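# Test case, fold it:
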Amino acid sequence: MSDCWLSQPAKRIEVLSFRRKVGMMPSQIPSSNALGGQKVRSAELLINLAQMYESRDDRAMAESHYRSALDVATRTNDEMMKASALLGLGEIYRFHSKYHEAEKASLEAQKIFSHIGHDMGAASALVHRGDVYHALSKYQNAEKVYAEAHKIHSRIGYDVGIAWASLCLGHVYLAQSKHREAEGAFLEAYEIHSRVGNDKGAADALVILAELYRRQSRIQDAEKAFKEAYEVHSRIGDDMGAANALNGLGEIFLDHSRHHEAETAFLESHKVFSRVGDTLGAANALCGLGRFYQTQSRSKDAEKNLSDAYKLYSATGAYSGAGNALRDLGALYEDLGRSEEAEASYRQAITNYELGDAVDRKVLTLVALGKLQYDRNRYLEAEEALTEAHAIMISIDKKSDEVAQLLSLLRIFNSQSRSNEEMDTPNS
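As a prediction, this is how the structure comes out:
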């Protein structure tokens, strides 16, 4: 903070930057007397330090401090801090896909919060556990705990918590194709944020609503919501939010052959994302541009943008995004008749989707791979890919008549082929 004392005003730290940096400094008492008079760091300070490291994406240090906080809170019988430390650890576990540990930690935190009568903490723990179930595609379990959290927040009149739980419910409804329920949940979140004057929250909810409308082919509603979100984000100076809305508009324009508008939206969003250093946003815009150039038969531009997007996703560990770029590359190579490269891209996309737990997109890519192999007269490999896709669909309670019919035909074809081979083989 020595920048505060520079003699030249122009070189001193800006007020907003100063507040941001000071705001990240823990303000709790550095130490307290533990059992036996031994001096230790307070559990609350350790949790604040863990949160500070987590905000910097240093999850190893965050986990270490959460564990230390849990140890101190346990030894000092501080139930509130024990539950808070467990909640933080649960989030770290979920980030690392340690779902069993994450579920256990959030459940224990919920029990403690409930025991000491801390409703807000109990509701937060429920939402965290719902996030675990959502990641595991256990949608009914997720829906149940999110609804319970929503009920608690409603009872205590905590509007921000209600909006948070509503958004979570909306996403899990969307995953189950319960579009009416999803719309209701997202609208509730939007209305709450609007009522309490949280412009950013309201605009973020509009973007999610717009995505829902796009899935339902309610194009006018989707375009209107994206444009409203863009206007709000622009008005409050939220560049990243505005760029996200622009990217969504670009997707709508691309879907409906409004090519000039699509290119303009993607280019502008990429420019903003790059300026503010949002790597994932920039990668999303590049993917959009890649698909746009493919529609214009600008194959080299399409390949370059999709390849650049893949590199950005990979650099940040965004496996689902990397899978999207690879799947789009596979489709491009397939259109160009470069079958070997198409197959390699599809298989690499499937691997990334597995790493990112993107089950639905893995299924779509398996189907694309199966169709590619079918077109190449590689029927056994086509059957293998479609069989895996069909099995996943059954496991997550989704159906596809197209996949089932194609798989049935392939099995009949392959069975006949094997029978013919046996008949052609001379007896030894």
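# wait, what's in contact with Leu280?
Leu280 is in contact with Leu312, Tyr313, Thr316, Ala318, Gly321, counting by Cβ atoms under 8 Å, 6 or more residues apart in numbering. Placement of C-beta: from N, CA and C, glycine included.
# Name the helix or strand for it, please.
helix 279-295 (DSSP states H and E).
# All the strands of the chain, in order from the start?
31-33, 39-41 (DSSP state E).
# The ones you listed: lowest mean pLDDT?
The minimum mean pLDDT among these belongs to strand 31-33 (a mean of 46).
# do you know how far the residue nearest the centre of the chain is from Tyr333?
Central residue of the chain (Cα atoms, centre = their mean): Ser320, 8.3 Å from the mean position. Ser320 sits at a distance of 20 Å from Tyr333 (criterion: Cβ to Cβ, to the nearest Å).
# In contact with Glu263, which residues?
Contacts of Glu263 (Cβ under 8 Å, 6+ apart): Gly250, Leu289, Phe292.
# Not counting residues beside it along the chain, what's closest to the first one?
Meaning Gly250. Closest residue to Gly250 apart from its sequence neighbours, by Cβ to Cβ, 6 or more residues apart in numbering: Ala265 at 3.5 Å.
# Can you check the pLDDT for that neighbour?
pLDDT at Ala265 comes out at 96.
# That one: neighbour count?
By other Cβ atoms under 10 Å, 28 other residues sit near Ala265.
# May I have the residues that are in contact with it?
Contacts of Ala265 by Cβ under 8 Å, 6+ apart are Leu246, Asn247, Leu249, Gly250, Phe253, Gly288.
# Please report the distance of the residue nearest to the first one when sequence neighbours are not counted from Ala262.
This points to Leu246. Excluding the flanking residues, the one nearest Leu246 by Cβ to Cβ, 6+ apart is Ser269, at 4.1 Å. Distance from Ser269 to Ala262, counting by Cβ to Cβ: 11 Å.
# doesn't Leu87 make contact with Glu108?
No - Glu108 lies out of contact with Leu87 (Cβ atoms under 8 Å); the separation is 9.3 Å.
# who's more crowded, the two?
Leu87 (24 against 17).
# May I ask you to confirm that the more buried one is in contact with Ala125?
Yes - between Leu87 and Ala125 there is a contact under Cβ under 8 Å: 5.9 Å.
# which residues are common contacts for the two?
By Cβ under 8 Å, 6+ apart, the residues touching both Leu87 and Ala125 are Ser106, Ala109.
# any idea how far the closest residue in space to Leu306 that isn't next to it in sequence lies from Asp255?
In space, and not counting its chain neighbours, Leu306 is closest to Gly290: 3.7 Å by Cβ to Cβ, 6+ apart. To Asp255, Gly290 is 15 Å away according to Cβ to Cβ.
# Quick one: neighbours of Leu49, just the number.
Neighbour number of Leu49 under other Cβ under 10 Å is 21.
# ugh, wrong one, I meant Gly197
So Gly197, with other Cβ under 10 Å, has 8 neighbours.
# picking that back up, show me which of the contacts of Leu280 are buried.
Leu312, Tyr313, Ala318, Gly321 (16 or more other Cβ atoms under 10 Å).
# Out of these, which is nearest to Tyr230?
Gly321 (21.9 Å; Cβ to Cβ).
# Now that closest one. Nearest residue, chain neighbours left out?
The nearest residue in space to Gly321 (Cβ to Cβ, 6+ apart) is Tyr313, at 3.8 Å.
# The one you found and Arg275: what is the separation?
Distance from Tyr313 to Arg275, by Cβ to Cβ: 19 Å.
# same question, Glu261
Glu261 is 21 Å from Arg275, by Cβ to Cβ.
# ok, the two, which is more surrounded?
Set Glu261 next to Arg275 and count neighbours by other Cβ under 10 Å: Glu261 wins out with 15 against 11.
# show me what contacts that one?
Leu249, Gly250, Phe253.
# same question, Glu334
Per Cβ under 8 Å, 6+ apart, neighbours of Glu334: Ala342, Ala368, Leu372.
# Which single one of those is nearest to Lys304?
Nearest to Lys304 among these, with distances taken as Cβ to Cβ, is Ala342, at 17.2 Å.
# Count the residues that sit near the closest one.
Applying other Cβ under 10 Å, I find that Ala342 has 22 neighbouring residues.
# ok, now which ones touch it?
Gly330, Ala331, Tyr333, Glu334, Leu372.
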